[in-house]
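Peer 1: quick one, fold the following:
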Amino acid sequence: MKRTIALFIFAATLLLGVAQTSAEKMNLRNEIENDLTGNILPFWLKHASDPNGGFYGEISREGKGNPATPKGAIMGARVLWTFSTAYRLYGNSDYKAMADSVQQYYIDNFIDKRYGGVFWTVNPDGGPDIATSSRPMRKRAIIEPVNDELKNMAQIEHSRHRSLHNFVNNLMAGIAAYSFFPKKPMLQFDREVDKQLTIY
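Peer 2: You can find the predicted model right below:
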């Protein structure tokens, strides 16, 4: 009898602890969401757009954009993903307008129309930065969307695994699941045969 009572008290305490944890998680989620929609996204909407097109390559803490700074492909991809996801979650037309603007700028300026791939950086006027090459970004522009799909849709996360066997099993299951996805990320580009040395 004492065991049953002790077990009941233990289970009730455990359940109350889980309920409290769920309430705390919900409060934390609400705080984060309020900060995102009330501070972070409005800051970027107000200060990130470059009147010359796209986004600023550098913004101070005070929100002053530096028009002389080159614009980076990874930064552009992150701004595009952030506002696309924000629009999908909240339906705010300002988020869609920002995502559409950055997407068009990215397509027009970061995609290497001659060799395919993506430039690492472009000059503030949108022209390719001669010091950087599109070759290293070619792989990354394909790999990053695939990694995103594997992490978010197939639930592959490296932090969950405590052994190599569990990691490999999870990775193989995720790749198998990915092969059944109806829509996979892809880039459309044409290959131009030339006599340049190709380094991958």
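Peer 1: for this protein, which segments count as helices?
Peer 2: 2-35, 41-47, 73-90, 93-105, 135-152, 164-179 (DSSP state H).
Peer 1: check which residues of the shortest one are buried.
Peer 2: Going back to what we said before, that points to helix 41-47. Within helix 41-47, the residues scored as buried using 16 or more other Cβ atoms under 10 Å are 41, 44, 45. Every residue, glycine included, has its C-beta placed from N, CA and C.
Peer 1: could I get the residues you listed as CSV with pLDDT?
Peer 2: CSV is the format used below for the buried residues of helix 41-47 (pLDDT from 0 to 100):
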residue, pLDDT
41, 91
44, 89
45, 91
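Peer 1: could I get those as CSV with distance to residue 79?
Peer 2: Shown next, in CSV, are the buried residues of helix 41-47 (distance: Cβ to Cβ, whole Å):
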residue, distance to residue 79
41, 11
44, 7
45, 10
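Peer 1: quick one: which of those residues is nearest residue 88?
Peer 2: residue 41 (13.1 Å; Cβ to Cβ).
Peer 1: pretty sure that closest one is touching residue 87, no?
Peer 2: No - if you go by Cβ atoms under 8 Å, residue 41 and residue 87 don't touch, sitting 10.1 Å apart.
Peer 1: shared neighbours of those two, which are they?
Peer 2: Common contacts of residue 41 and residue 87 (Cβ atoms under 8 Å, 6 or more residues apart in numbering): residue 95.
Peer 1: any low-confidence regions in this protein?
Peer 2: 1-20, 130-144, 146-147, 149-150, 153-162, 167, 184-200 (pLDDT under 70).
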